[in-house]
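Asks: Give me coordinates for this.
(one chain, ligands or ions: 2)
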Amino acid sequence: MEWHNSLAFAQDQDINDEFAAFREEFLFPQNNGKDVIYLCGNSLGLQPKAVVEEITKQLSSWQQLGVEGWFNGSDPWLQYHRKLAAPIANIVGAKDSEVTVMSSLTVNLHLLLVSFYKPAKKKYKILMEGGAFPSDQYAIESQVRFHGFDPEDAIIEVFPPEGEYTLRTEDIVAAIEANADDLALVLFSGINYYTGQFFDIETITQAAHERGIPAGFDLAHAVGNVNLKLHDWNVDFACWCSYKYMNSGPGGISGIFVHEQHHRDSTLNRFAGWWGYKLNERFKMTQGFVPEAGAEGWQVSTSPILLMASLHASLQLFERAGSVAKLRQKADRLTAYLEYLINGINKDLGTEQYKIITPAQQSARGSQLSIICKSNGKKIFDKLLDQGVIGDWREPDVIRLAPVPLYNTFTDVYHAAEIMKEAASATA
Ligand SMILES: Cc1ncc(COP(=O)(O)O)c(C=O)c1O
Ligand SMILES: Nc1ccccc1C(=O)C[C@H](N)C(=O)O
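Replies: Ligands and ions are numbered 1, 2, ... in the order given. Model prediction:
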């Protein structure tokens with residue numbers, strides 16, 4: 001693709017954008033009376049306009065039916081989560097029975113570790129990426145301690161080669177091979193939150209399985225962003241939040257995936273609750289836990305219907321868009337355009353102010369670019385905010401920008417890069 005650094009070129013791309021109409025479905029924060037340039041869908045996606053309507057529907061059911069809303073009305077709440085399974089399964093490449101929505105991400109990671117981290121005396125270690133999101137590190141450290149092991153010894157982190165920012169798949173595979181006798185679990189993110197690197201989930205899973213080790217993934221930054229085929233890749237389990245690329249709102253409900261090969265495995269531990277009990281017999285309130293078939297059997301507590309309603313609004317947009325694969329066609333181009341413009345700033349200014357640490361290879365990234373600022377990074381970031389460009393800042397020197405195909409335009413990307421250029425000159 002030949003890119004041009006001009007507003008006319010960006011606008012022309014927007015005219016030919018098959019997803020252009022989706023932008024109208026979202027509400028934008030304002031800066032000086034104008035929509036901001038929102039490039040932060042990797043942290044908190046924007047609010048779909050339909051959220052109010054979907055939540056209002058459930059508030060009406062509550063008003064009109066009270067507790068009977070669980071069993072009656074157009075959308076009995078007892079089954080509400082099942083409406084979400086098919087669109088989510090489509091997004092993560094799963095069978096409907098392999099996914100469900102419940103609770104929040106770190107809580108679900110703990111619940112899945114209860115099932116899939118089964119350390120034995122000699123085989124108790126967890127292999128993970130170095131620099132994983134802190135909540136995952138804390139969760140894993142505390143699980144390891146809970147089982148009586150020392151995190152220093154039991155957690156093996158794989159780091160990029162000296163002076164590099166991203167991991168090589170062959171190094172991950174080599175680490176699995178080298179530690180195979182000690183490993184009880186391989187746990188990675190789908191996309192690393194800091195660098196934006198999209199890991200080769202299929203190859204990692206296969207390498208783990210060849211040595212009899214289960215593989216699980218935190219897909220917070222991957223879901224609704226990149227193409228996933230969790231079922232075909234034989235991933236054992238995964239969890240994610242839905243408030244980033246899936247636009248379900250702050251603290252929105254999380255999702256889990258459990259491969260169907262584990263659905264009937266009675267050797268798996270679960271921290272059970274009545275919401276995971278067989279749905280059609282739950283209200284018999286009998287002793288002895290009998291799980292619902294599939295991922296639903298991992299549910300623990302009463303469904304937060306208002307959170308589910310919010311996600312439902314967003315999922316309908318994904319359904320209209322068709323598939324993540326289709327969205328990716330635009331997303332790859334948007335991301336590549338941002339990359340071209342940022343690299344152009346260095347050329348124009350004759351500096352190395354911005355260094356993109358996200359892989360340049362399309363298959364190894366999603367919509368996020370992580371940009372190291374050589375100097376004055378925080379000042380540059382504050383200037384962006386001041387000028388109505390919302391990205392985010394990660395210590396010590398990284399600005400993350402994520403052009404999202406459902407609501408961002410090439411014009412957004414063009415203006416953001418112009419402001420990045422001004423900010424770099426002004427702070428130089
Ligand atoms: C990879 C990853 N894991 C976990 C979390 C935290 O999830 P939560 O606070 O929703 O439990 C986030 C984002 O906050 C994340 O990006
Ligand atoms: N849940 C949040 C609450 C407050 C502020 C940020 C978050 C994020 O999600 C951060 C994100 N996970 C990150 O990749 O940095």
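
Asks: Relative to the strand ranked longest in the chain, what are the paired strands and their orientations?
Replies: The longest strand of the chain (DSSP state E) is strand 183-189. As defined by DSSP bridges, the strand partners of strand 183-189 come to strand 125-129 (parallel), strand 215-218 (parallel).

Asks: can I get these in JSON lines with mean neighbour count, mean pLDDT and distance to ligand 2?
Replies: All C-beta spots, glycine's among them, are computed from the backbone N, C-alpha and C. Putting the strands paired with strand 183-189 into JSON lines (neighbours: other C-beta atoms under 10 Å; pLDDT from 0 to 100; distance: least, C-beta to the nearest ligand atom, whole Å) gives the following:
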{"stretch": "strand 125-129", "mean neighbour count": "24", "mean pLDDT": "98", "distance to ligand 2": "14"}
{"stretch": "strand 215-218", "mean neighbour count": "28", "mean pLDDT": "98", "distance to ligand 2": "10"}
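
Asks: List of residues touching the longest strand of the chain?
Replies: The contact list for strand 183-189 (C-beta atoms under 8 Å, 6 or more residues apart in numbering) reads 113, 116-120, 123-129, 132-133, 136, 140, 156, 172, 176, 199, 201, 204-205, 207-208, 211, 213-222.

Asks: does the nearest residue in space to Gly344 that is not next to it in sequence count as helix, strand or coil?
Replies: Computed as C-beta to C-beta, 6 or more residues apart in numbering, the closest residue to Gly344 that is not its neighbour in sequence is Asn5, at 5.6 Å. Here Asn5 is recorded as coil under DSSP: H, G, I helix; E, B strand; the rest coil.

Asks: what's the answer for Gly73, then?
Replies: Relying on three-state DSSP, one would call Gly73 coil.

Asks: Pro250 too?
Replies: coil.

Asks: Need the per-residue pLDDT for it.
Replies: pLDDT for Pro250: 98.

Asks: which residues does it contact?
Replies: Applying C-beta under 8 Å, 6+ apart to Pro250 gives the contacts 44, 243.

Asks: and if we set it to 10 Å?
Replies: Taking C-beta atoms under 10 Å, 6 or more residues apart in numbering, we find Pro250 in contact with 44-45, 47, 243, 310.

Asks: how much space is there between the residue nearest to Gly73 when sequence neighbours are not counted and ligand 2?
Replies: Nearest non-adjacent residue to Gly73, counting by C-beta to C-beta, 6+ apart: Ser61, 4.8 Å away. Ser61 sits 29 Å away from ligand 2, going by C-beta to the nearest ligand atom, to the nearest Å.

Asks: element containing the closest residue to ligand 2 within the chain, please.
Replies: Relative to ligand 2, the nearest point of the chain is Tyr193 (3.5 Å; C-beta to the nearest ligand atom). Following DSSP states H and E, there is no helix or strand that holds Tyr193.

Asks: Verify the stated contact: it with Phe133.
Replies: Yes. The pair Tyr193 and Phe133 passes the contact test of C-beta atoms under 10 Å, sitting 4.7 Å apart.

Asks: Cheers, nothing more for now.
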